[in-house]
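Enquirer: I would like to see how this sequence folds:
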Amino acid sequence: MDVAVLGGGNGSIASAVDLTEQGHKVRLWRRDAATVEAMNAKDRTVTLKDFKGARPVQIDVVTSDLAEAISGVSLIVCPTPATAQPDIAARLGPLLADGQVVFMPPGSLGTYVMAKAMRDAGNTADASFVEAGTLPYLTRWHGEDAVAITTRATRLPSGVLPLRNREHALEVVRGAYPSVEDAGDGLSGALMNAGPIIHPPLILMNAGPIEHFEHWDIHNEGTQPAIRRVTTALDGERMAVREALGYGAPHFPLADHYDDEAEEWMYGNAAHEKLTDSGDWRENLVLTEHRYMLEDVKVGLSLLVSIADWAGVAAPVATGLLSIASAVCGEDFRKTGRTIENLGLAGLDRSAMSELLEAGP
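Expert: Model (predicted):
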């Protein structure tokens, strides 16, 4: 299958390399022309490191021309941080064609951001937008020459906007990611996002060690029972919102990620141990700049709090964490984050929201 991969971060490079090795024809788009030139000077070759060892993989096309990257492809994979979605959506919106599918793992309602950008550009193409609960990989980009994939997702619950295109959209995405599971519409997919559940308690309750030590692994020594209890309570609020909106199980509770005896979570069994054993997450984390704050709190957690308010579901843990994060960063994320108010959706009632999710903007 012809696939375009957008972005140059951990998830994007892992996607481009892994899908290439699977036999797909991949075009990697990066905004930075100088980085594209450097990759082409190295014959578009990146070293893939995983449980099989290390080997070179040559990507078919690396370009800074977005039109070139997506022309004629069936699937567009956009595993960038949610903070990059608005800019990419503005560039991508005018270019999409009938039948194309944009896959965002994960999304934080990026399905709506992308679909609205396409309509705002005057593009009437019947494209589809899909968002998953997490990245397809636990991965880290090692410089400009190598990417390490610690493990691959075994279950990817994913929602589709517009829902009327669900069958086609999921079929296309499964051509690259067979582990994708039907999670209903785009809002349901957004409420599967694990990042705003796992990362806010880890960074905020480890704020002291993060700022004191040069490197601190929040997933290893930073994952303590008290923090896990807060994470479980936060996840309970996410699942309560899903239930209130009529989205049934499975909800993929994050507790299953830590329990090898429980139902298989998104990354399968022993994923947490693989992550900590790799050492790739022992990093210098700047609280006010890291994507765990800007993506998972400012975008993801503010979205969850706003949806809970809209649905009439109490979410004291999510609201409290959002308030603490706002104090840490000196910015009111409830006002500046990705909320349904800032997306222009807060005025919809349940019926109107369902119509939007079914038909698209």
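
Enquirer: which residues does residue 84 contact?
Expert: Residue 84 sits next to residue 7 when contact means Cβ atoms under 8 Å, 6 or more residues apart in numbering. All C-beta spots, glycine's among them, are computed from the backbone N, C-alpha and C.

Enquirer: Now do the end-to-end distance for stretch 122-131.
Expert: Start-to-end span of stretch 122-131 (Cα to Cα, to the nearest Å) is 23 Å.

Enquirer: let's number from 48 now, not from 1
Expert: Right, with 48 as the first residue, what we last looked at is stretch 169-178.

Enquirer: How about residues contacting that stretch?
Expert: Residues from elsewhere that reach stretch 169-178 (Cβ under 8 Å, 6+ apart): 140-159, 161-162, 165, 205-209, 212, 215-217, 219-220, 227, 233, 236-237, 240.

Enquirer: So for it, what gets flagged as buried?
Expert: 172, 174-178 (16 or more other Cβ atoms under 10 Å).

Enquirer: Which stretches in this protein count as strands?
Expert: Using DSSP state E, the strands of the chain run over 49-53, 72-76, 92-97, 100-105, 108-110, 122-124, 148-151, 175-179, 184-189, 193-199, 203-208, 227-232.

Enquirer: on that earlier part again, can I get the buried residues of stretch 169-178 in TSV including pLDDT and distance to residue 53?
Expert: Formatted as TSV, the buried residues of stretch 169-178 follow (pLDDT from 0 to 100; distance: Cβ to Cβ, whole Å):
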residue	pLDDT	distance to residue 53
172	98	17
174	98	14
175	98	16
176	98	13
177	98	14
178	98	14
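
Enquirer: Return the closest of the residues you listed with respect to residue 136.
Expert: Using Cβ to Cβ, residue 176 comes nearest to residue 136 of the buried residues of stretch 169-178, at 9.6 Å.

Enquirer: correct me, but residue 183 touches residue 126?
Expert: Yes - using Cβ atoms under 8 Å, residue 183 is in contact with residue 126, at 7.3 Å.

Enquirer: Identify the contacts common to these two.
Expert: In terms of Cβ under 8 Å, 6+ apart, residue 183 and residue 126 are both contacted by the residues 58, 61-62, 152.

Enquirer: Contacts only, for residue 76.
Expert: Contact analysis of residue 76 by Cβ under 8 Å, 6+ apart lists 51-54, 110-113, 116-117.

Enquirer: let's see it at 6 Å
Expert: Residue 76 sits next to 53, 110, 113, 116 when contact means Cβ atoms under 6 Å, 6 or more residues apart in numbering.

Enquirer: Let's see if you can find the most crowded of those.
Expert: Per-residue neighbour counts (other Cβ atoms under 10 Å) across the contacts of residue 76 peak at residue 53, which has 26 neighbours.

Enquirer: beta partners for that one?
Expert: In this structure, residue 53 has the following beta-bridge partners (DSSP bridges): residue 76.

Enquirer: hang on, the earlier thing: out of the contacts of stretch 169-178, which are buried?
Expert: 140, 142-143, 147-159, 161-162, 165, 205-209, 212, 216-217, 219-220, 227, 233, 236-237, 240.
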